[in-house]
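**Q** need coordinates for the following:
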Amino acid sequence: MYMEYEDYVDEIQKYCKENHISFEKLNSMVIGCGDNDIIFQYHDPDKGKDGLLDETPMPLVLWLKKEPSGKLVFEQTEHTQKYLGID
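**A** Residues are numbered from 1 along each chain as shown. I've put the predicted structure just below:
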């Protein structure tokens, strides 16, 4: 079943609070949803203005996975603190 951000917003907000990362900043990220995961990526509005000619990747900032048992697993990346850290 396709995961929808809205269905997990309470768990995401709780995770952010417990791990000292900004839920507000997370909500401004690009969100991608799949069958068993939700990814959050940072988009720099100053980059990527050349469309397909610009291959600027959007860093993966946080990954939420749903295990077959139904348990939610959050995975931080090397970009999490840079873009979501609370100052």
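
**Q** contacts and neighbour counts: CA atoms only from here.
**A** Fine.

**Q** mind giving me the packing neighbours of the longest helix along the chain?
**A** Longest helix in the chain, counting residues (DSSP state H): helix 5-18. In terms of contacts (3 or more C-alpha pairs under 8 Å, 6 or more residues apart in numbering; DSSP states H and E), helix 5-18 is packed against helix 23-27.

**Q** list the contacts of the helix it packs on.
**A** I12, Q13, C16, K17, F40, Y83, L84 (C-alpha atoms under 8 Å, 6 or more residues apart in numbering).

**Q** gap between it and the chain center?
**A** Distance of helix 23-27 from the chain centroid (C-alpha atoms, centre = their mean, to the nearest Å) equals 9 Å.

**Q** C-terminal to that helix, what's the next element?
**A** Later in the chain than helix 23-27, the nearest helix or strand by DSSP states H and E is strand 30-33.

**Q** pull out the buried positions in that next one.
**A** Of all the residues in strand 30-33, those buried under the rule 16 or more other C-alpha atoms under 10 Å are I31.

**Q** likewise stretch 76-84?
**A** Applying 16+ other C-alpha under 10 Å to stretch 76-84 flags T80, Q81, Y83, L84 as buried.

**Q** quickly note the distance from G34 to W63.
**A** 11 Å (C-alpha to C-alpha, to the nearest Å).

**Q** the more surrounded of the two?
**A** Neighbours around G34 and W63, counted as other C-alpha atoms under 10 Å, are more numerous at W63. The numbers are 18 against 12.

**Q** list phi and psi for the more buried one.
**A** The phi/psi pair for W63 (degrees, to the nearest 10) reads phi -130, psi 120.
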